[in-house]
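Student: 3D, please:
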Amino acid sequence: MFWGSRDRPAAEPLGKKGVMEEQKPLRFKKRETEVYVGNLPPDISEEEIRYLLKDFNPLRVHRVQSGYRCFAFVDLGSAHRVALAIQELNGKPFHSRKLYVNSSRRSPKRPPDGAQRPQELQVSQRPSGRGFAEIAAYLQLTPKAPGDPRETARPRTPLFAVPMEMRGSFLVPLLRECFRDLGWLATVCHTGGDVGLLVTSIVPRTPFFWAMHVTETLHQNMQALFSTLAEAEEQQPYLQDAAVQRGARCLAEYHLGTYGRAWNRCWVVDRVDSWAVVLFVDFGQSATVPVQCLRSLDSDDFWTIPPLAQPFMLRKGILSSYQRTHHILKGRITGALNLEPQILKFEELR
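Tutor: Numbering: from 1, shown residues only. Just a heads-up that it's a prediction; the model follows:
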């Protein structure tokens, strides 16, 4: 167990020669290849922390919990990756919180004694975009107490809330602002049968994920879109500061894992000071990027090809491993959610 400054005992009862000794505070070895990640949810696992920093090839994760405070030191292998992680993740909404990410060589700020629990970003049912990234709360059904002692309790069934970025109240207005004509949406929602899905983003600890339906049409759209963006990226001016507002269509760098970075279409969900929260519409992935790093992409010519990825829900189990991203799942689409028809149900073949 780790002790905070308020919880730590003032003395060791049995020190050297029987003398009471003050317990020294815990210290961690700081390295230039480590990044500090603070304001994490108390129940987060090391696997989820590793997934959070998956784009930066984390080598080791050291999770620390002190009372309600949870943070981690993650070894990324190089100071360059540390700088990229800070630029990408610092201030990013995560599980209704705002991440604090900096170099582990800089001591993280500690709340003063008597400080209240860190303020969390409020999760809104309205499509405001706050708390947008990876919002996935789930509830447990509590079985009733059996009237007969011989009666066995039913196993608890998990219920998963639909992530905010997948809800129709958020997604449909976003798509309408980006693509204007949504005639293709009806065809997407009625897809069924045996399919292959290229996973682009996973909502941790839930059955929800984003993926591309692998077809010949997808292959053609990817070639046309990526070649067009590659030719246009240097010609597109950077957005003026006043233009970076919710609803702006723009271009930002997206990290494609081992394939490196490339400029891709995105939509501004929210802005916090000099940072913008954007959704990469072709990958279903959100990111927090500096305002000055966004390029203009407001011409309708860049938005004629429908988004490459769409939301899915696994019928059984969850995609908990970060290693499943950018891999193909084979299975069958069995229908759509009743209240959220834009989310298709997927049954994976084992």
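Student: C-alpha only now, for contacts and for neighbours.
Tutor: OK.
Student: give me the buried positions along the longest helix seen in the chain.
Tutor: In the chain, with assignment by DSSP state H, the single longest helix is helix 216-232. Residues L218, N221, M222, L225, L229 are the ones in helix 216-232 that count as buried (16 or more other CA atoms under 10 Å).
Student: now distance to G284 and pLDDT too, for those, in JSON lines please.
Tutor: What follows is the buried residues of helix 216-232, written out as JSON lines (distance: CA to CA, whole Å; pLDDT from 0 to 100):
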{"residue": "L218", "distance to G284": "16", "pLDDT": "91"}
{"residue": "N221", "distance to G284": "16", "pLDDT": "92"}
{"residue": "M222", "distance to G284": "15", "pLDDT": "92"}
{"residue": "L225", "distance to G284": "16", "pLDDT": "93"}
{"residue": "L229", "distance to G284": "18", "pLDDT": "91"}
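Student: now for the residue nearest to F208 when sequence neighbours are not counted: which residues touch it?
Tutor: The shortest distance from F208 to any non-neighbouring residue, by CA to CA, 6 or more residues apart in numbering, is to M313 (4.4 Å). Residues in contact with M313, defined by CA atoms under 8 Å, 6 or more residues apart in numbering, are P207, F208, F209, I343, L344, K345, F346.
Student: please parse this protein into its domains.
Tutor: Following automatic domain parsing, one finds the domains of the chain at 21-103, 164-348.
Student: looking at the ones you listed, which has the lowest confidence?
Tutor: Among the domains of the chain, domain 21-103 has the lowest mean pLDDT, at a mean of 79.
Student: coming back round to it: using the three-state scheme, assign the residue nearest to F208.
Tutor: Three-state assignment for M313 (DSSP: H, G, I helix; E, B strand; the rest coil): strand.
Student: W210 too?
Tutor: Three-state assignment for W210 (three-state DSSP): strand.
Student: contacting residues for it?
Tutor: Applying CA under 8 Å, 6+ apart, the residues near W210 are V199, T200, S201, I202, F283, G284, A309, Q310, P311, F312.
Student: please flag which of these sit within strands.
Tutor: V199, T200, S201, I202, Q310, P311, F312 (DSSP state E).
Student: closest one to E165 out of those, please.
Tutor: P311 (9.3 Å; CA to CA).
Student: identify the bridge partners of that closest one.
Tutor: Counting by DSSP bridges, P311 is bridged to W210.
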